Structure formats: C-alpha cells, structure tokens
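A.B. asks: got a structure for you, letters missing:
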C-alpha cells in the first residue's frame, strides 16, 4: 500500500505548517493555518479525498484556515469530514456559527482531553492516530516566563504579563467592549431542546457538561448532517447522534431584512456561547496554550508470497492463494505420495514472509520552552510515546518526525537530546522561523506583480521575501544527521520507503524567484513591452496638466491587499483594503483570510526597517468590517492576535467598527485566545458598533461619542460614518471625510443602492465592489452583488472624482473584461484593483491609463497557464 507524508505549507510570512498524509483512497491534513486553501491552489495539489483534519492547537496559528476550508469542502461537493483537536475544538467550531453554516456538510468534531491516554483518537483502514497532550510547565509564576511572539517591533521576544481574570466564571463588568451576563444556570433536568424554546434563555449561564451539550447542539445546527460525539473522550468510541425533532425546522433570524435575498439560518445561532472551562481548554494566551503531538501509524505491510513454498505444500494457483494472502488459514487436499488424499492446513506464515512493521510519522508542536518538559515526559520510560524511541521494533517503524518549534526550542539541549533518541534512519523536518528562509508562497501572483513592476515600480512593488535563513540549520550543534528544513512541497514516501524529495511541480510552477534573482529584467513579449510603452507615454502626456495639483488627499495611499471575492484565486486574495493617511496612520477596510500575510509581504519583518509590519500595526488606528461573510473577516482574529505581540504595547487603542454579529464572534473566540477585547489588555481593541455612527444620525450614540471622537482625531478625520447597504446579510458601507477636504466611500458588498449615493456625494474616491461582469447582471442580483457597469453608475450618480473597482469573482482569476474607455470630461476616473497595488489618490488617472497594458499582461499570463481554477463558491 503506497502512502506518504508531504508539506503542503511551511512556516513563512504567508502560511503556517500544514502536513498531508496521503493514500490512494484518502488524505489527512494536519493543521489548517491561514491560507491553507490558497496553498492547495498554488501547489496544484487537491483537497479531494480529504477524510480527516487534525489540529495540534486551538489557536489562530493552527486553525485560521479552518472555516474557509470547510466552506470550500462543502461547496466543492465534499459531504463529510472529521475534525480532531484538543479540548476547545467544539467551542472553536461553534464560534464560527454565524458565517460557516452549510446544510450539505457532515462535520464530526472529536475533542482530545488534555490528559494522556494510550487509546487511538482516530482509526480507519489506512491510519491509526494517537495523541499526546503537551501542557506548558509554568513554574511558580506565569509572569516569570519569557514566552515570545517572535519578530515583534523590536525584534525581541515579549515578556508575558498576563492580565486576564483568574476565574473564567467571573461575570465580566460592563464596558465598551463587553456586556454583563449573569443569568442563573438552568435546572439540570431541563433539556437543550426545552432551553431553545425559552426566549429569555442565555447560554452563557451554562457550565460543564451542559455547556458542552449546547456547543454540540450549535455544531449540529451549523452542519445539519453532522454527527457529534456525545462525550469528549476518545473520538471513535463516542456515541453519535442525529438531529431530531424541532431542530430540523429552519427559521429566519430576526436580523434578516425582508427586502433582500438573505440566507436563512437556524434559530439559536445568534445566541452567545458559554465561556469555556479553563481547566479543560488551558490558557487563552496562545503562547501558553496546550498542544497535541500526534503519532500516525500506517498499515502493517504483509511480507512477500512465496509461490515456490506454496507449490511444495500443495497450494496451487487459484482463489485460495488470495485467501491466504489476506491472512486467513486455508485447507487443501494433497497426495501423501501413496495415492491417498489428506487435508493439509496451511497458515499464512507457511508461505508469506515476515511483514514490515507499520510506518509511523510523528508531529511535535512545541511553541515555547515551557512545553519541553511535558513533551519529554511523554517520551520518557513509562510515557505514552516512550515506545517510539525503541529501535528495531516489530510493532512500528518511525520514519519521519515533523518538528514545529517556537523560538529557542531547537537550540534547547533537552529538545536536541530527544531528537537524537530516535533511529539513524529517521528523517527530521524542522519548522523554526530563525532557521527557515522566507520565499514568497504564492508565486503566481508575485510573478505577475514583478512583470507589472516594469510598468510602474511605485504602484507595483516587489513583495518582501528572503531566500536565506537568519541562521543556517547546520549551525545548530548536535542535530541528527537526517535533519532538514521544512519546505513547502517536500515529501517523504513512507511505503515504499524513500528519502525526502522536493516536489518537482513546485519548482516548475515558481517563475517568480528565478526571475527576481536574475541580474536582468524579465524578458516580456514584444506586444506587452509595446503596451507598457504606450501606457507610459499617455501618463507622460499628463505632465503638463496641473489638474492633479488641485486634488485634495492626493498623497493618501490605497493598498489593495485582497481584491477577490468568496475564495482566493491564483492572482487574487479575498477582501482587504488598506488606507494610509500620511502623518496620521492606517485604516483597514475588511480583513479576509490571509490579510496578515499580505501585510507582511508588503512591509516585511526586518526589525531594522522603520516601516516594518510591526510599525504599521502600531499605526493601524481602525479596522472596518462591512459584514459577517467569511471572505471579509476571517483574517481579523489572526490580525488582532498578532497585535497582542506588540512590545512595548501600542500607545493608542485600535478601533474596530463592525456590527454585532462580528463582535459576538470575536467575544466567543476571545475566550480561547486573547485578542485585546478584555479590559486591561496591553494592546486594547475598542469596539464601535456600526449603528452608533450611522450617517443619518446627527451625532454618535450615547456611550460611543467619546470613542468616535478619539478615532476621528487620531486619523485627522472630520467624520467617519456608516451607511446600510443591501446584501444577503446585514452589511454596511463606510464614508470617510477628512479635515483636508477629501473623502473616501467604501461600498462593502451590495447591489446598487441610492443610500450610498446620498451618503457619499462628491467623494474623492469610491471603492466599490464589482463582483460580476456586465453580462452577469442577473446572477449578480441573485447573489446581491454589483456588476462593473452598475458600480460605475453609482460613482457617476455620486459625482465621485474617481472609482476603484474591487471584489472580483473567482470566475475572473486575473481580471474581468474591464470595458473601460477613456474618461470623458466631468466623468469619474475608473480603475480596477489588483492585489498589492499601491495607488495614491493622485495617481488614479495614471492607474486608469495603465488598464489596457495591465489587461494585456494578464491575457498573456492566462494563455500560458493551464492551472485549473477553483470553482466559484458561495461564501454565505
């Protein structure tokens, strides 16, 4: 039976390590960090046949890609997947309930308790998986441990100072970020179905088994086909139950607006979750989170059939040989040499050589030095994983160990001693930031950017990357001989056994790194070079036109980090737009999955650079989330978690403008991992509801006026207001007006609405979604989106100076038919957005002039490419 382990993605600015175990009949994915779905697309690997997902930790590092991947599975026709992870998994999945609802997907979660156990957590015909909980050893005081967020603003690890309440059950005081909840716990005899019928029922009052029952109930509502284990013990031994009775009735949420095509969701999803029991799920600081180590056993490989021995024993060719090969004893009639027949029993061992012990792959996730003692205890004599140190074992053969190492772990003498306790033929694949290069992961998009850099190097800069590690892996003394840096595309065949090899496809698909490292420019086809020259000539003709000098806000920069919709495509990530207001700071419009990686590729991690990503994070004053759909906010939690790493802390809070569904998700998730929502956080986040700053209100709502005023002051704004638009869920646009006289209007996701026109009159820049081309107007309306032409019409009615179109469907992997013509006098300047483009408002006219050349560049790239694009999916 052929099987292998491979690295889908490694530790980089774009991704976290994800490991695939592959058989002909099924695949198993270990860890689902941000951009996992996009990594599949870039590598041309497929998620088809994925049967199980396994998480080593409940944290943004290991799970940020989970909701996007589950929705992709469902919309691509996958009907069932099992998810295994530490305690807290049910809470994690339930926290996604407002944006990960899928009727056709069976998601079976299985929680692994944080207590060691020798029973498998998963078993099928291919693999048997064992888990080892690794709890950090904190000593006498949590404050004494140096547990770092690597690569923060000063390039040093952060000294953790925990400020969370010591009792997770203590009611939260009412403040700007949280609401008081003190409902009494219901009687033990009351069932979940009965609680559902109570209009005043508050799930936050639930504790223990009742709280877990509620989370299981929510997961079944999210995925109606789901079978959820009724206890959180060993996964495969748990009882499973189907949804029955009243849960089958789907009722519309009270939030739904009657005039739009809202997606109906089951009753109950809008209620908050109980606070998880800290003794079961561990700390909410991701650096103190328990992790799981996994041991993945493959099948035992039977020995070779000895046909000559079979003939001697009287077993002729035929079906009985197949029975014997399957491990069953057979009986044949043979001649005793004197013409007499007798029955001979033949055992498999009589004809089949000794089999090969099951190959084993280990995955060790050790984020801090504090996790090392418990890991060592698990492998020590008498520990659950002690057997894997045995050499020449007949029960297993450890072939590969994947090491996910936090800062300082690989250098620790204890950890290296553990690595050397395995056999000399074991392959050690190490992911440790200091010892890994940081090449660009999504090379197709980067290669396009590099080509466009020849058109305009300011608008299309090269993404930040490094091809050399901070330190070579060889500089770490005492590592086993078979130690390699974990690189994307690296695979090891377990049976038949082979040495690690780099996927040849990965190298062939990478046009970016060879080109960017060359001493000469990319040699572009003559038609492309000609179109670039013509575009630059048009721009040069603007030189004598002083009209641009009169544009207010001309130095304001719009960086379109993600310009696709629903799911990432080859050239476009999902929604995120960064506004840089010189001398004031940054404002982020939406934060789809992978936004953090896009920011790191733009600004870099170099601690010596005054404009690295950590400094940008300090100067980020506001994030606006238009609505709850995943392609607009799945990257938010990762961004907030990374902001908690700022050391010293930011002097100013980050203001988050969003609706209550987004806030509810963040509050639920914040109980698993600190995001800055709690009072007393080092890097606090202030929540500002969209309704509190609605454009029709003469002033901010009581209780939010001070925060709104402080936000506007920090960015030099005259006003920041929301406007309700029409989409399949509650959605808002944003109106930004600066004291210097310029304004930016952001549409969010919407059909054309006159309210946006009214609220954004005379905008300097309208950033409007243009999901569909004009020939897809009916489909756009059905999905509550706009076409290119409709977005332009809104800009004209608004009397906008310029229009930047974004949020393009995955059916247009490079760009839709632009249908852009020369700007008529008095009409808005129109341009299309591209990932990583830096566009000054004063350069919108230039960007418009570049459109024909950009279109020809993408046409040539599309002609040369045979990559199958991901089918368009519905993110709702």
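C.D. replies: Right, received. Where do you want to start? This structure is a prediction, so every number in the text was calculated from the model and none was measured.
A.B. asks: SS state for residue 484?
C.D. replies: At residue 484 the chain is in strand, as set by DSSP: H, G, I helix; E, B strand; the rest coil.
A.B. asks: same thing with residue 110?
C.D. replies: Going by three-state DSSP: residue 110 is strand.
A.B. asks: hang on, it packs against residue 121?
C.D. replies: Yes: using Cβ atoms under 8 Å, residue 110 is in contact with residue 121, at 6.6 Å. No exception for glycine: its C-beta is placed from N, CA and C like everyone else's.
A.B. asks: May I see the buried residues of stretch 519-538?
C.D. replies: 522, 524, 528, 531, 532, 535, 536, 538 (16 or more other Cβ atoms under 10 Å).
A.B. asks: closest to residue 10 among those residues?
C.D. replies: The closest of these to residue 10 turns out to be residue 522 (Cβ to Cβ; 26.2 Å).
A.B. asks: The closest one should be in a helix, yeah?
C.D. replies: No: counting by three-state DSSP, residue 522 falls outside a helix, being coil.
A.B. asks: give the contact list for the nearest residue to it once chain neighbours are set aside.
C.D. replies: In this structure, residue 522 finds its nearest non-sequential neighbour in residue 515, 5.0 Å apart by Cβ to Cβ, 6 or more residues apart in numbering. By Cβ atoms under 8 Å, 6 or more residues apart in numbering, the contact set of residue 515 is 447, 450, 522.
A.B. asks: what residue ranges in this protein are flagged as low confidence?
C.D. replies: 139-189, 226-267, 544-549, 817-823, 862-876 (pLDDT under 70).
A.B. asks: how much space between residue 224 and residue 106?
C.D. replies: For residue 224, the distance to residue 106 (Cβ to Cβ, to the nearest Å) stands at 9 Å.
A.B. asks: so residue 506 is in which element?
C.D. replies: helix 504-509 (DSSP states H and E).
A.B. asks: Across the sheet, point out what pairs with residue 808.
C.D. replies: Going by DSSP bridges, residue 808 is paired in beta bridges with residue 564.
A.B. asks: Test my guess that it contacts residue 566.
C.D. replies: No: taking contacts as Cβ under 8 Å, residue 808 lies outside contact range of residue 566: 10.1 Å.
A.B. asks: starting at the chain centroid, how far to the top helix by length along the chain?
C.D. replies: What stands out as the longest helix in the chain, according to DSSP state H, is helix 844-864. Its chain's C-alpha centre and that of helix 844-864 lie 30 Å apart, by Cα atoms, centre = their mean, to the nearest Å.
A.B. asks: Residues touching it, excluding its own?
C.D. replies: With Cβ under 8 Å, 6+ apart, helix 844-864 has contacts from 448, 451-452, 455-456, 459, 525, 527-528, 531-532, 534-535, 538-539, 542, 548, 571, 765, 801-802, 804, 813-815, 818, 820, 823, 829-832, 834, 837, 839.
A.B. asks: Quick one: the strands in the stretch 701-850 of the chain, in order.
C.D. replies: Counting by DSSP state E, counting those that start in this stretch, one finds strands in the stretch 701-850 of the chain at the ranges 717-725, 731-738, 743-746, 765-769, 802-806, 829-832, 837-840.
A.B. asks: List the buried residues of the longest one.
C.D. replies: I take that to be strand 717-725. Buried residues in strand 717-725 (16+ other Cβ under 10 Å): 717, 720, 721, 722, 723, 724, 725.
A.B. asks: Bridging across strands, which residues link to the first one?
C.D. replies: Bridge pairing for residue 717 (DSSP bridges) gives the partners residue 738.
A.B. asks: which residues does it contact?
C.D. replies: So residue 717 contacts 711, 736, 737, 738, 739 (Cβ under 8 Å, 6+ apart).
A.B. asks: quick one: which of those is most hemmed in?
C.D. replies: Counting neighbours by other Cβ atoms under 10 Å, residue 736 leads the contacts of residue 717 with 29 neighbours.
A.B. asks: ok, that one to residue 135 distance?
C.D. replies: Taking Cβ to Cβ, one finds residue 736 at 46 Å from residue 135.
A.B. asks: same deal with residue 446?
C.D. replies: 40 Å.
A.B. asks: Neighbour count: these two, which is higher?
C.D. replies: Per other Cβ under 10 Å, whichever of residue 446 and residue 135 has more neighbours is residue 446, with 25 against 20.
A.B. asks: in what helix or strand does the more buried one lie?
C.D. replies: Using DSSP H and E, residue 446 falls in helix 443-453.
A.B. asks: quick one: contacts for residue 693?
C.D. replies: Contacts of residue 693 (Cβ under 8 Å, 6+ apart): 657, 700, 701, 704, 708, 720, 721, 722.
A.B. asks: and the closest residue to the third one other than its chain neighbours, what does it touch?
C.D. replies: Looking back up the chat, that one is residue 701. Leaving aside its chain neighbours, residue 701 sits nearest to residue 692 (3.9 Å; criterion: Cβ to Cβ, 6+ apart). Listed by Cβ under 8 Å, 6+ apart, the contact set of residue 692 reads 700, 701, 703, 704, 708.
A.B. asks: biggest separation within those, which pair?
C.D. replies: So, the contacts of residue 692 by Cβ to Cβ: farthest apart are 703 and 708, at 10.2 Å.
A.B. asks: The two - which one has more neighbours?
C.D. replies: Neighbour count, other Cβ under 10 Å: between residue 703 and residue 708, residue 708 has more, with 22 against 10.
A.B. asks: Quick check: the closest residue to the more buried one other than its chain neighbours vs residue 659, distance?
C.D. replies: Leaving aside its sequence neighbours, residue 708 sits nearest to residue 700 (Cβ to Cβ, 6+ apart; 4.2 Å). The gap separating residue 700 from residue 659 is 16 Å, by Cβ to Cβ.
A.B. asks: just residue 824 next, same as before
C.D. replies: With Cβ to Cβ as the criterion, residue 824 and residue 659 are 38 Å apart.
A.B. asks: Please render the contacts of residue 717 as a markdown table that adds distance to residue 463 to the earlier fields.
C.D. replies: Listed next are the contacts of residue 717 as a markdown table, based on distance: Cβ to Cβ, whole Å:
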| residue | distance to residue 463 |
| --- | --- |
| 711 | 30 |
| 736 | 27 |
| 737 | 32 |
| 738 | 29 |
| 739 | 34 |
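A.B. asks: can you pull the contacts of the residue of the chain most remote from its centre?
C.D. replies: Distance from the centre of the chain peaks at residue 338, with 74.7 Å (Cα atoms, centre = their mean). The contact partners of residue 338, taken as Cβ under 8 Å, 6+ apart, number zero.
A.B. asks: Now do the SS call for it.
C.D. replies: Under three-state DSSP, residue 338 comes out as coil.
A.B. asks: Buried residues, stretch 646-666. List them.
C.D. replies: For stretch 646-666, by 16+ other Cβ under 10 Å, it's 646-647, 649-650, 652-666.
A.B. asks: Oops, could you answer that again for stretch 15-34 instead?
C.D. replies: Buried residues in stretch 15-34 (16+ other Cβ under 10 Å): 15-23, 26-34.
A.B. asks: Tell me the first helix or strand C-terminal of the strand or helix carrying residue 84.
C.D. replies: Residue 84 is part of strand 80-86, with elements assigned from DSSP H and E. Going down the chain from strand 80-86, the next helix or strand is helix 89-95, by DSSP H and E.
A.B. asks: what's in contact with that next one?
C.D. replies: 55, 58, 63, 66, 83, 85, 100, 107, 109-111, 212, 215-216, 218-219, 222, 228, 232, 273, 276, 281, 665, 668-669, 671-672.
A.B. asks: Using the three-state scheme, assign residue 280.
C.D. replies: helix.
A.B. asks: try residue 493
C.D. replies: strand.
A.B. asks: Which positions within stretch 494-508 qualify as buried?
C.D. replies: Quick answer for stretch 494-508 (16+ other Cβ under 10 Å): 494, 495, 500, 503, 506.
A.B. asks: any idea which of these is the one closest to residue 751?
C.D. replies: residue 506 (41.4 Å).
A.B. asks: who's in contact with that closest one?
C.D. replies: 43, 488, 489 are the contacts of residue 506 under Cβ under 8 Å, 6+ apart.
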